[in-house]
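Participant: sequence unavailable; structure follows:
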């Protein structure tokens, strides 16, 4: 399920522009992919909930996602996924552990954008009256969908060096599980 949330957050990046108003999904995806690639970075604050799973998952939770080139950081209620494009870290604060692995090219936000250009079925954007994305619904299985409600979007932010890595020194009590 966490992988689906990562993919949904990447899809959120796809629709985070008002250039989509009155476009069909396929046209909108192509226009937005081109538009997003013109920005050096992007961050999105949103809430998410999973409908159709357990009632516990249906509670809306806050999250943040940051993108820059092939790097991303997804901060959710129960875990963080960080990738600098080469290495990825999945940090689970409750378990006091971080799993380290090689970055998966298929989880790169721009690869996901390319995939969506080919097939956008199951993705439903909902816009406000000004044409800004308000909600994104992503069907992940029959009867199960993720609902993302956008709070704020920022483009072209500057991030400090090391922002897209996990700082083991800042978490000395965390068990590091290297899976490379």
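Facilitator: Happy to help now that I have it. Since the structure is predicted, the reported quantities are computational estimates derived from the model, not experimental observations. Numbers count the residues shown, from 1 in each chain.

Participant: how near is the residue lying closest to residue 49 once chain neighbours are set aside to residue 132?
Facilitator: In space, and not counting its chain neighbours, residue 49 is closest to residue 60: 4.6 Å by CB to CB, 6 or more residues apart in numbering. C-beta coordinates here come from the backbone N, C-alpha and C atoms, glycine included. The spacing between residue 60 and residue 132, counted by CB to CB, to the nearest Å, is 19 Å.

Participant: to what extent is residue 134 buried, counted in neighbours?
Facilitator: 13 (other CB atoms under 10 Å).

Participant: so who does residue 153 touch?
Facilitator: Residue 153 makes contact with 16, 42, 43, 44, 45, according to CB atoms under 8 Å, 6 or more residues apart in numbering.

Participant: buried ones in the strand or helix carrying the fourth one, by neighbour count?
Facilitator: For residue 44, the enclosing helix or strand under DSSP states H and E is strand 42-51. Judged by neighbour count using 16 or more other CB atoms under 10 Å, the buried positions of strand 42-51 are 42, 43, 44, 46, 47, 48, 50.

Participant: in terms of secondary structure, what does that strand contact?
Facilitator: Strand 42-51 makes packing contacts with helix 2-14, strand 61-68, strand 144-155 when contacts are defined by 3 or more CB pairs under 8 Å, 6 or more residues apart in numbering; DSSP states H and E.

Participant: mind doing that once more with 10 Å?
Facilitator: With contacts defined as 3 or more CB pairs under 10 Å, 6 or more residues apart in numbering; DSSP states H and E, the packing partners of strand 42-51 are helix 2-14, strand 61-68, strand 71-75, strand 133-141, strand 144-155.

Participant: as a markdown table, those with distance to residue 174 and mean pLDDT would be great.
Facilitator: Output for the helices and strands packed on strand 42-51, formatted as a markdown table (distance: least, CB to CB, whole Å; pLDDT from 0 to 100):
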| stretch | distance to residue 174 | mean pLDDT |
| --- | --- | --- |
| helix 2-14 | 18 | 55 |
| strand 61-68 | 20 | 91 |
| strand 71-75 | 16 | 92 |
| strand 133-141 | 30 | 80 |
| strand 144-155 | 28 | 87 |
